[in-house]
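**Q** Have a look at this prediction, sequence included:
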Amino acid sequence: MVKTPLETRIIDALEAEAPAHGIDIVDVEVVGATKAPCVRVRIDHLDREGITLDEVSAASGWVSDVVERLDPVPGSYTLEVSSPGMARPLRRPADFARHAGEAVELTTTATEGRRRYKGVIAAADETSFTLALEGDERVIIPFDEVKKCTLKPVYDFKGVKEGN
């Protein structure tokens with residue numbers, strides 16, 4: 001995954017402390033204005049998915065301490081700590097392997113051809129993953145070309161009528 005050096009430093013600092021708290025650092029983004037950016041940290045449980053709001057609030061303290069010690073940006077910034085949400089970002093090869101068979105949307109850094117894809121993760125290894133597109137088309141994408149990848153949630157509001 002393509003991350004800025006600043007985002008990589010924040011991820012490394014948080015991942016060093018996260019296992020002691022049973023937390024997985026899903027993703028870190030630094031967005032917004034250069035004078036007062038927003039540092040977004042998405043967390044989940046280390047061994048399972050489905051973190052609660054109370055658990056996110058409890059983890060915000062140590063996350064804030066780690067980021068503050070790092071002093072990532074000169075001046076002020078906003079820190080957002082949240083769950084990964086339905087459109088969970090995928091960052092590591094293990095994330096892609098764990099979510100094989102699920103739909104994703106992604107943007108790549110490819111200089112030629114296509115940059116945006118929608119499809120289903122067919123397979124993943126340590127260096128790349130295979131994306132099944134509509135029809136029988138498949139494309140192999142190296143992780144170092146992925147700028148952003150998120151799960152594409154499936155919403156089913158039809159449901160089954162009672163008694164049928």
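**A** Sure, I can see it. Numbering: from 1, shown residues only.
**Q** Any buried residues in stretch 117-127, and which?
**A** 117, 119-121, 124 (16 or more other CB atoms under 10 Å). All C-beta atoms are positioned from the backbone trio N, CA, C, and that covers glycine.
**Q** A strand includes A123, no?
**A** Yes. Per DSSP: H, G, I helix; E, B strand; the rest coil, A123 lies within a strand segment.
**Q** Need the nearest residue in space to it, chain neighbours excluded.
**A** Among residues not flanking A123 along the chain, T130 sits closest, at 4.5 Å (CB to CB, 6 or more residues apart in numbering).
**Q** Just give me the residue closest to the centre of the protein.
**A** P89 (2.5 Å; CA atoms, centre = their mean).
**Q** For that residue, give me the backbone phi and psi.
**A** Backbone torsions for P89, taken as degrees, to the nearest 10, come to phi -70, psi 140.
**Q** any idea which helix or strand carries the nearest residue to it once chain neighbours are set aside?
**A** In space, P89 comes closest to D27 once its chain neighbours are excluded; the distance is 4.1 Å by CB to CB, 6+ apart. Assigned by DSSP states H and E, D27 belongs to strand 23-31.
**Q** what packs against that strand?
**A** Under the contact definition 3 or more CB pairs under 8 Å, 6 or more residues apart in numbering; DSSP states H and E, strand 23-31 sits against helix 5-17, strand 38-45.
**Q** how much distance is there from the last one to the middle of the chain?
**A** In this view, strand 38-45 has its centroid 9 Å away from the chain centroid, taken as CA atoms, centre = their mean, to the nearest Å.
**Q** Name the surrounding residues that touch that strand.
**A** Applying CB atoms under 8 Å, 6 or more residues apart in numbering, the contact partners of strand 38-45 are 10, 14, 18, 22-32, 50-51, 55-56, 59, 63, 67, 72-73, 77-85, 88-89.
**Q** ok, now with 6 Å
**A** Contact partners of strand 38-45, identified using CB atoms under 6 Å, 6 or more residues apart in numbering, comprise 23-24, 26-32, 51, 59, 63, 77-82, 84.
**Q** In ChimeraX, how would I select the buried members of those residues?
**A** For the buried members of the contacts of strand 38-45, the matching ChimeraX selection, counting by 16+ other CB under 10 Å, is:
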select :23,24,26,27,28,29,30,51,59,63,77,81,84
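**Q** care to break the chain down by domain?
**A** 5-82, 93-151 (automatic domain parsing).
**Q** Dump those to TSV, plus mean pLDDT and distance to F157.
**A** Output for those, formatted as TSV (pLDDT from 0 to 100; distance: least, CB to CB, whole Å):
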stretch	mean pLDDT	distance to F157
domain 5-82	94	21
domain 93-151	91	17
